[in-house]
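> Attaching a predicted model along with its sequence, questions to come.
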Amino acid sequence: MSRKKKRHLIPDAINPVYHAQVMGRLVRRRMKEPGLTPGTLVHTGVQKVDRVRTTYLDFDPSHVSEAEVDSVDACFPFKSSPTVSWVNVDGLHEVDLVRRLGEHFGWHPLLMEDIVGTSQRAKVEEYEDHLFVVLPMLRWDAEHNQVDQEQLSMVLGDRYLFTFQERAGDVFNPVRERIRSAKGRVRSRGADYLAYALMDAVVDSCFQVLEAIGDRTEALEEQLLADSGQSAMIQLHALKRELIAMRRAIWPMRDALAQVVRDEEDMFTPETEVFLRDVHDHAVQVVESVEVLRDVVSGAVDLHLSMMTTRTNEVMKVLTIMASIFIPLTFVVGIYGMNFDWMPELRVWWAYPTLLLAMAALAGGMVFYFRKKRWM
């Protein structure tokens, strides 16, 4: 069997490569050299796309235009455009692209540094004429049974919104469809409402992840009750680690959304702030659901350990009862196994059956006593 095939036979929960991936999500390692000037743009994450892809949606209540651009220079007119512009960038390894956008739109150097540094926790930073938001975008990887996390950076201006993702593919397709079909409020509102819609999509995706983890936990619990093998136990431990990684991502997100609700720079209109409070409530529900699922998984692990302990105790009880029954019988046999000449029972014909009957009565009496005590 080849080494590659052997690796596929190893359960993910006990695979060293899997453990390294989990620890990489729990403890992000920064690859930026210490001592660099603040605002130095260095991509500190893993390059997840071969080519950076930049697209935009420019719209107002009467029209919408959508395109993919080869150069970010095509996005520069959106700074003073009267329409609402949403520019999405997939891929963060081209730091010059982020630098050119930041210099043109007047972004703070620390903001640009945080965009290309993918080890950021969820946060909100307010500047003079724009708002910077970092959120984790979570999706459930059904193939590997794990939570897939990606950093989403958002820069909100007066009439524009920039989103930066680590790779192509996101949870924003429903928002795009609403913009294209002019459904809902997004076409008639400003960039602040668009930012709310994207935040809402990010939080709602967490509920889908929780639902998948809940279904997986329920299936493993049923397997655990039906089968005492180690497979379900190993997978439950893996789910527990996934919930730890998810908890680490969403707790700061709840605080960041609370800060958005308390916006002091008036980047959001009063009409949009009502919807932002709803998003914050959903984030609180996500945090509470993660805690509940952690308790459920921990309870399932404790149940398995209790079942294993109970099963071991039952086996030990049976063995102890059997040993207790045979101890006095062994004592009697030991006495009559001694080689003494003057043992009266050795010379009579009834000694052997009498001894067997006495030993059977002794064993039966002990069994009766154990049953009376409800030990067996």
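Received the coordinates, thanks. Residues are numbered from 1 along each chain as shown.
> Give me the mean pLDDT for stretch 157-166.
Average pLDDT, stretch 157-166: 92.
> Any idea how far apart the tips of it sit?
21 Å (Cα to Cα, to the nearest Å).
> That stretch: how far from the chain's middle?
27 Å (Cα atoms, centre = their mean, to the nearest Å).
> Which of the residues in it are classified as buried?
Within stretch 157-166, the residues scored as buried using 16 or more other Cβ atoms under 10 Å are Gly157, Arg159, Tyr160, Leu161, Phe162, Thr163, Phe164, Gln165, Glu166. In short, each C-beta sits where N, CA and C put it, glycine included.
> Need the max-distance pair from those.
Arg159 and Glu166 (26.1 Å; Cβ to Cβ).
> Do you have the strands of the protein handy? List them.
53-59, 64-69, 84-90, 123-126, 131-141, 146-156, 160-165 (DSSP state E).
> Output the buried residues of stretch 157-166 as CSV; include the columns distance to Val87.
Shown next, in CSV, are the buried residues of stretch 157-166 (distance: Cβ to Cβ, whole Å):
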residue, distance to Val87
Gly157, 10
Arg159, 12
Tyr160, 7
Leu161, 7
Phe162, 5
Thr163, 7
Phe164, 9
Gln165, 12
Glu166, 16
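> Give the burial count for Glu314, as a bare number.
Counted with other Cβ atoms under 10 Å, the neighbours of Glu314 add up to 10.
> That one and Thr320: what is the separation?
Using Cβ to Cβ, to the nearest Å, Glu314 is found at 11 Å from Thr320.
> Phe78 now?
Taking Cβ to Cβ, one finds Phe78 at 80 Å from Thr320.
> Report the residue ranges of every domain in the chain.
Domain assignment for the chain by automatic domain parsing gives 3-306, 315-372.
> what distance separates the longest one from the centre of its chain?
When you say that, I think you mean domain 3-306. In this view, domain 3-306 has its centroid 13 Å away from the chain centroid, taken as Cα atoms, centre = their mean.
> per-residue pLDDT, the residue nearest the centre of the chain?
Among the residues of the chain, Glu242 comes closest to the average C-alpha position under Cα atoms, centre = their mean, at 3.1 Å. Looking at Glu242, its pLDDT is 86.
> doesn't Asp148 make contact with it?
No: contact criterion Cβ atoms under 8 Å: Glu242 and Asp148 do not qualify, at 10.1 Å.
> coming back round to it: okay, Phe78 and Thr320: which has more neighbours?
More crowded of Phe78 and Thr320, by other Cβ under 10 Å: Phe78, with 21 against 12.
> how about the more buried one, what does it touch?
Neighbouring residues of Phe78 by Cβ atoms under 8 Å, 6 or more residues apart in numbering: Tyr56, Asp58, Ser85, Val87, Arg159, Tyr160.
> got these as JSON lines, with distance to Ser65 columns?
What follows is the contacts of Phe78, written out as JSON lines (distance: Cβ to Cβ, whole Å):
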{"residue": "Tyr56", "distance to Ser65": "8"}
{"residue": "Asp58", "distance to Ser65": "5"}
{"residue": "Ser85", "distance to Ser65": "10"}
{"residue": "Val87", "distance to Ser65": "12"}
{"residue": "Arg159", "distance to Ser65": "15"}
{"residue": "Tyr160", "distance to Ser65": "14"}
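> Can you tell me which of these is nearest Arg294?
Among the contacts of Phe78, and counting by Cβ to Cβ, the member closest to Arg294 is Val87, at 37.7 Å.
> and that closest one, how many neighbours?
Per other Cβ under 10 Å, the neighbour tally for Val87 reads 22.
> Ok, Phe172 next?
Neighbourhood size, Phe172 [other Cβ under 10 Å]: 20.
> what's the nearest residue to it once chain neighbours are set aside in contact with, if anything?
In this structure, Phe172 finds its nearest non-sequential neighbour in Ala201, 5.5 Å apart by Cβ to Cβ, 6 or more residues apart in numbering. For Ala201, the contacting residues are Val171, Phe172, Pro174, Val175, by Cβ under 8 Å, 6+ apart.
> And Ala201, how far from Val292?
For Ala201 relative to Val292 (Cβ to Cβ), the value is 23 Å.
> With Val315 instead?
Distance from Val315 to Val292, by Cβ to Cβ: 35 Å.
> Please name the nearest non-neighbouring residue to Thr83.
Leaving aside its sequence neighbours, Thr83 sits nearest to Asp60 (Cβ to Cβ, 6+ apart; 4.5 Å).
> can you count the residues close to that neighbour?
That count, for Asp60 with other Cβ under 10 Å as the rule, works out to 14.
> likewise Ala219?
12.
> Next: the one 4 residues further on.
By other Cβ under 10 Å, 15 other residues sit near Gln223.
> again, but for Asp96
9.
> For Ala122, give me phi and psi.
phi -60, psi 130 (degrees, to the nearest 10).
> thought it was touching Ala256?
Yes: Ala122 is in contact with Ala256 according to Cβ under 8 Å; the separation is 4.3 Å.
> where do the contact lists of the two overlap?
By Cβ under 8 Å, 6+ apart, the residues touching both Ala122 and Ala256 are Val134, Leu135.
> Quick check: Arg178 touching Ser188?
No: in this structure, Arg178 is not within contact of Ser188 by Cβ under 8 Å, at 11.3 Å.
> now the stretch 151-300 of the chain, which segments are flagged as low pLDDT?
227-229, 263-265 (pLDDT under 70).
> now do 80
Residues of the stretch 151-300 of the chain meeting the criterion pLDDT under 80: 221-233, 262-266.
> Would you mind measuring from the residue found closest to Lys79 once you drop the neighbours it is linked to in the chain to Leu111?
Closest residue to Lys79 apart from its sequence neighbours, by Cβ to Cβ, 6+ apart: Phe105 at 5.6 Å. Phe105 sits 10 Å away from Leu111, going by Cβ to Cβ.
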